[in-house]
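In: below is the sequence, then the predicted model.
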Amino acid sequence: MKKFLTVLSILGLLYILPLVAGTTFDQGVIPEGDNGSGLLRGLAHFWEYTGFANATIGNLLMIAIGLFFIYLAIKFHYEPLLLIPIGTGILLGNIPFQEGIGVGIYESGSVLNYLYFGVTQGIYPPLIFLGIGAMTDFSSLISNPRLMLLGAAAQIGIFATFVGAIALGFEIHEAGAISIIGGADGPTAIFASAKLAPQLIGSIAIAAYSYMALVPVIQPPIMRLMITKKERLIRMKPPRAVSKLEKILFPIIALLLTTFISPTAMPLLGMLFFGNILKESGVTDRLAETARTKMIDIVTILLGVTVGASTQANVFLTSGSIKIFMLGAASFIVATAGGLLFAKIMNLFLSKNNKINPLIGAAGVSAVPDSARVVQMEGIKSDSSNHLLMHAMAPNVSGVIGSAVAAGIMMSFLS
């Protein structure tokens with residue numbers, strides 16, 4: 001069978017080559033007797049359109065980065081739902097081609113360009129927030145609202161990044177967009193950059209999602225450095241039971257309060273709390289199920305692939321991108337340290353029986369639920385029976401709200 005297919009392929013090739021030899025893209029039919037020259041010109045023209053002929057060092061470098069993302073996702077399970085679409089998108093965005101053939105993400109009318117519209121116009125992030133809202137349980141935050149302060153404290157990373165971006169020479173609108181990386185919130189970072197600095201969406205999105213995926217690598221060393229062994233052993237009281245009425249009222253009140261404070265963030269916060277209302281109302285289970293499963297999966301695929309494809313080497317590989325990645329790393333460290341430090345400060349004013357485990361301060365960054373899981377793992381390493389996940393979810397979800405509010409405020413000032 002294999003031999004038959006091989007022979008068939010050769011015969012097909014022998015059939016096609018004379019056609020190529022007799023025709024060129026520009027000159028039409030080659031005069032009879034000039035088939036050899038026509039063949040060479042046809043093959044040369046074909047070669048010009050291949051990726052091999054158009055490849056640059058930048059393309060190869062970005063393809064290597066895309067493969068590295070896929071490797072991290074498969075080997076170490078670092079946010080595979082994000083890194084595999086983004087990594088594959090990087091491969092797609094860096095397949096070399098001749099400009100003008102309508103396949104690149106930045107070429108008007110290409111399929112990737114149409115899909116990228118959801119990123120540049122800020123359509124995908126609110127849909128992601130809808131899904132997050134439909135899968136989020138705010139019970140831990142409702143039962144212990146003081147932990148919301150930890151989510152707010154971690155947003156210091158946003159303002160530190162803003163100052164750092166200005167210091168590195170970015171224009172103020174660009175600095176505002178870059179600053180949202182400090183909240184470790186990918187959708188919010190994309191939404192803000194679409195409004196303030198569309199030309200930086202690719203760099204900002206890749207930086208934000210990269211550091212979100214590397215939460216298990218970045219946060220633990222900071223936690224071990226700042227939190228003593230004694231503090232890590234602190235046991236917190238179990239969260240109180242939250243009534244159904246409280247669960248229904250919370251997203252409604254939070255929607256009104258946060259959007260009145262920051263109307264610019266309404267597309268994000270409105271969809272976040274709308275998703276939670278679908279979940280908690282008890283009468284829209286089908287809609288809630290769709291929002292937190294099929295819909296968010298589809299949007300995640302589209303967002304990841306198009307964000308990855310936006311890293312086309314000739315656009316992405318600039319000194320500005322390197323600076324953004326440096327700022328992203330620094331801001332993530334500052335945000336984590338801010339949450340941990342504020343938790344330690346809070347304990348100075350709490351009674352001995354009412355103290356909080358400072359580890360949960362690291363969950364104030366918006367990487368839901370990864371930073372909360374890291375807190376859980378670090379707590380178990382110190383005491384295998386001390387489970388902190390439910391406590392950590394309170395600052396974690398409040399960090400999502402806080403980063404969206406901060407982004408809205410930033411956009412209000414800079415728009």
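Out: Noted; the coordinates are in hand.
In: may I see the buried residues of the helix or strand hosting residue 258?
Out: Residue 258 is located in helix 244-261, with elements delineated by DSSP states H and E. For helix 244-261, burial by neighbour count (16 or more other CB atoms under 10 Å) applies to 247, 248, 250, 251, 254, 255, 258, 259. Glycine gets a C-beta too; all of them are placed from N, C-alpha and C.
In: alpha carbons only: can I get that helix in PDB?
Out: Output for helix 244-261, consisting of C-alpha atoms alone and laid out as PDB, is shown next (Å, rounded to 0.1, in the frame of the first residue of the first chain):
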ATOM      1  CA  LYS A 244     -28.600  32.100  49.700                       C
ATOM      2  CA  LEU A 245     -30.000  35.600  50.100                       C
ATOM      3  CA  GLU A 246     -26.500  37.000  50.800                       C
ATOM      4  CA  LYS A 247     -25.100  35.200  47.800                       C
ATOM      5  CA  ILE A 248     -27.800  36.800  45.600                       C
ATOM      6  CA  LEU A 249     -27.600  40.300  47.000                       C
ATOM      7  CA  PHE A 250     -23.800  40.500  46.900                       C
ATOM      8  CA  PRO A 251     -23.300  40.600  43.100                       C
ATOM      9  CA  ILE A 252     -26.200  43.000  42.700                       C
ATOM     10  CA  ILE A 253     -24.900  45.400  45.300                       C
ATOM     11  CA  ALA A 254     -21.300  45.000  44.200                       C
ATOM     12  CA  LEU A 255     -22.300  45.600  40.600                       C
ATOM     13  CA  LEU A 256     -24.000  48.900  41.400                       C
ATOM     14  CA  LEU A 257     -21.300  50.000  43.900                       C
ATOM     15  CA  THR A 258     -18.200  49.300  41.700                       C
ATOM     16  CA  THR A 259     -19.600  50.600  38.500                       C
ATOM     17  CA  PHE A 260     -20.800  53.800  40.200                       C
ATOM     18  CA  ILE A 261     -17.200  54.200  41.500                       C
END
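In: and that helix, how far out from the chain's middle?
Out: With CA atoms, centre = their mean, to the nearest Å as the basis, helix 244-261 stands 26 Å off its chain's centre.
In: show me what that helix is packed up against.
Out: Helices and strands touching helix 244-261, as assessed by 3 or more CB pairs under 8 Å, 6 or more residues apart in numbering; DSSP states H and E, comprise helix 139-143, helix 266-281, helix 389-414.
In: select, out of the ones you listed, the one closest to residue 157.
Out: Using CB to CB as the criterion, the shortest distance between residue 157 and the helices and strands packed on helix 244-261 is 9.0 Å, found for helix 389-414.
In: tell me what that closest one is packed against?
Out: If you count contacts as 3+ CB pairs under 8 Å, 6+ apart, helix 389-414 packs onto helix 139-143, helix 148-153, helix 156-167, helix 172-179, helix 186-196, helix 244-261, helix 266-281, helix 370-382.
In: please identify the deepest-packed of those.
Out: Scoring the helices and strands packed on helix 389-414 by mean neighbour count under mean count of other CB atoms under 10 Å gives helix 186-196 as the most buried, with a mean of 28.
In: which residues touch that helix?
Out: Contacts with helix 186-196, where a contact means CB atoms under 8 Å, 6 or more residues apart in numbering, come from 82, 119-122, 124-126, 128-129, 173-174, 176-178, 180-181, 183, 200-201, 204-205, 207-209, 212, 267-268, 303, 307, 366, 403-404, 407, 410-411, 414-415.
In: pull out the buried members of those residues.
Out: Buried residues within the contacts of helix 186-196, defined by neighbour count using 16+ other CB under 10 Å: 82, 119-120, 122, 124-126, 128-129, 173-174, 176-178, 180-181, 183, 200-201, 204-205, 207-209, 212, 267-268, 303, 307, 366, 403-404, 407, 410-411, 414.
In: residue 336 is in contact with residue 365, isn't it?
Out: Yes - with contact taken as CB atoms under 8 Å, residue 336 and residue 365 are classed as touching, separated by 6.1 Å.
In: mind listing the shared neighbours of those two?
Out: When CB under 8 Å, 6+ apart defines a contact, the residues bordering residue 336 and residue 365 alike are 154, 157.
In: okay, those two: which has more neighbours?
Out: Set side by side, residue 336 and residue 365 give different neighbour counts by other CB atoms under 10 Å, the larger being at residue 365 (36 against 28).
In: let me know the pLDDT of the closest residue to the more buried one other than its chain neighbours.
Out: If you skip the residues right next to it in sequence, residue 365 has residue 184 as its closest partner in space, 4.1 Å away by CB to CB, 6 or more residues apart in numbering. Confidence per residue is given as pLDDT, and for residue 184 that number is 74.
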